[in-house]
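Engineer: Let's see this in three dimensions:
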Amino acid sequence: MPKVFLFPGQGSQFVGMGKDLADESPARDIYRRAQEILGFNIAEISYFGPEEALKQTQNTQPAIFVHSVILDTLLKTRGETPVAAAGHSLGEFSALVSAGVLSFEDALRIVKVRSEEMARAGTVAPGSMAAVLGASDSQLEEICDQEGIVVPANLNAPGQVVISGAVDAVQNAIEKAKKLGIRRALPLKVSGAFHSPLMLPARKALKEVLDTVVFHEPEVPVYQNVTARPARNKAEIRKNLIDQLENPVRWMEIIKAMKSDGFTDFLEVGPGKVLQGLNRRIDRELSIRGVGTLEELKAYEV
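Structural biologist: Now for the predicted structure:
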């Protein structure tokens, strides 16, 4: 049955990702082209790390993006094409390549600038993020009521939200969550306050690179993070990619909108199983599988 392709974002990486795909000819070609664009060997970092290098935003984002595109390509060579697509944060660029909106090369050029500028914004305006589990909407609003900037950044699943903002403000939000009896509130190991106003310094450079690439009309609907709806035209897609920097990822709304539009079968394409877990928390009636390794790709073909 035709599937919706879902593409993971930052946090799904692991050392060794893609190594099992190295003998697949599309993988060799894609990693070669990626090295030419990035100016460094992303395959080497993906395969062997070290973990600290892979966790750096300017390496993590290209590594996940390239790995996801390889798997998308391998699926399509086997006759599996999506009926719709979406990606979590960074994964939105993989979704746009899958849907024919962007070429691999143009998307990677954007991801390169995006990752570098987001890392730089994290030094210009230091920030952090924290996962908050089990908070109601009213409690989340109270938690984010701080003197400094704290905002919901990832609206992932019922009772599963990530907040983002200034370092002290996020720490204060964690302490307030504990006082409110919230089940869990944990700081995340990230290099900046992603999807918050503190990403403003990255906006100009991202817009400039987006203005240099050609966007095509999507071959299948791509549900975007900012609106949780499929974009209607190329200009809207471009604007949403810029706005995504400072606005929350509305993942739960995306999945619910897709179900409402008749999509019920999903495939996570890329490293890890984060989106499979989120989808099961959002709606257990939905079908979700994953293809992130050569073994899973072979099992999927059966």
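
Engineer: Centre of this protein to the edge, which residue is at the far end?
Structural biologist: Lys179 (31.1 Å; C-alpha atoms, centre = their mean).

Engineer: Which pLDDT does the model give that residue?
Structural biologist: Confidence at Lys179, expressed as pLDDT, is 94.

Engineer: Pro2 too?
Structural biologist: 78.

Engineer: That one: neighbour count?
Structural biologist: Neighbours of Pro2 under the rule other C-beta atoms under 10 Å: 13. For every residue, glycine as well, the C-beta is placed using N, CA and C.

Engineer: and it, what does it touch?
Structural biologist: Shown in contact with Pro2 (C-beta atoms under 8 Å, 6 or more residues apart in numbering): 81-83, 265.

Engineer: Give me the buried entries from these.
Structural biologist: Among these, those buried by neighbour count (16 or more other C-beta atoms under 10 Å) are Pro82.

Engineer: Return the subset of the contacts of Pro2 lying in strands.
Structural biologist: Counting by DSSP state E, the part of the contacts of Pro2 found in strands is 82-83, 265.

Engineer: Dump those into a markdown table; add pLDDT as well.
Structural biologist: What follows is these, written out as a markdown table (pLDDT from 0 to 100):
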| residue | pLDDT |
| --- | --- |
| Pro82 | 97 |
| Val83 | 97 |
| Asp265 | 97 |
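
Engineer: what two of the contacts of Pro2 are the furthest from one another?
Structural biologist: Using C-beta to C-beta, the contacts of Pro2 span at most 13.0 Å, a distance reached by Thr81 and Asp265.

Engineer: quick one: the helix or strand where Ala235 lies to chain centroid distance?
Structural biologist: Using DSSP states H and E, Ala235 sits in helix 234-243. Put simply, helix 234-243 sits 16 Å off its chain's centre (C-alpha atoms, centre = their mean, to the nearest Å).

Engineer: So which other helices or strands are in contact with that helix?
Structural biologist: helix 91-98, helix 203-210 (3 or more C-beta pairs under 8 Å, 6 or more residues apart in numbering; DSSP states H and E).

Engineer: how about the last one: buried residues?
Structural biologist: It stands for helix 203-210. Within helix 203-210, the residues that qualify as buried are 205-206, 209-210, counting by 16+ other C-beta under 10 Å.

Engineer: Need the residues that contact it.
Structural biologist: By C-beta under 8 Å, 6+ apart, helix 203-210 touches 109-110, 113-114, 117, 238, 241-242, 245-246.

Engineer: Just the ones in strands from those, please.
Structural biologist: Within those, no residue falls in strands by DSSP E.

Engineer: Quick one: those as CSV, columns for distance to Phe7 and neighbour count too.
Structural biologist: CSV is the format used below for the contacts of helix 203-210 (distance: C-beta to C-beta, whole Å; neighbours: other C-beta atoms under 10 Å):
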residue, distance to Phe7, neighbour count
Arg109, 18, 18
Ile110, 15, 20
Val113, 19, 19
Arg114, 15, 27
Glu117, 21, 23
Arg238, 18, 17
Leu241, 14, 23
Ile242, 19, 17
Leu245, 18, 24
Glu246, 21, 20
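
Engineer: mind listing what Leu155 touches?
Structural biologist: 161, 248-253 are the contacts of Leu155 under C-beta under 8 Å, 6+ apart.

Engineer: change it to 6 Å
Structural biologist: Counting by C-beta atoms under 6 Å, 6 or more residues apart in numbering, Leu155 touches 161, 248, 250, 252.
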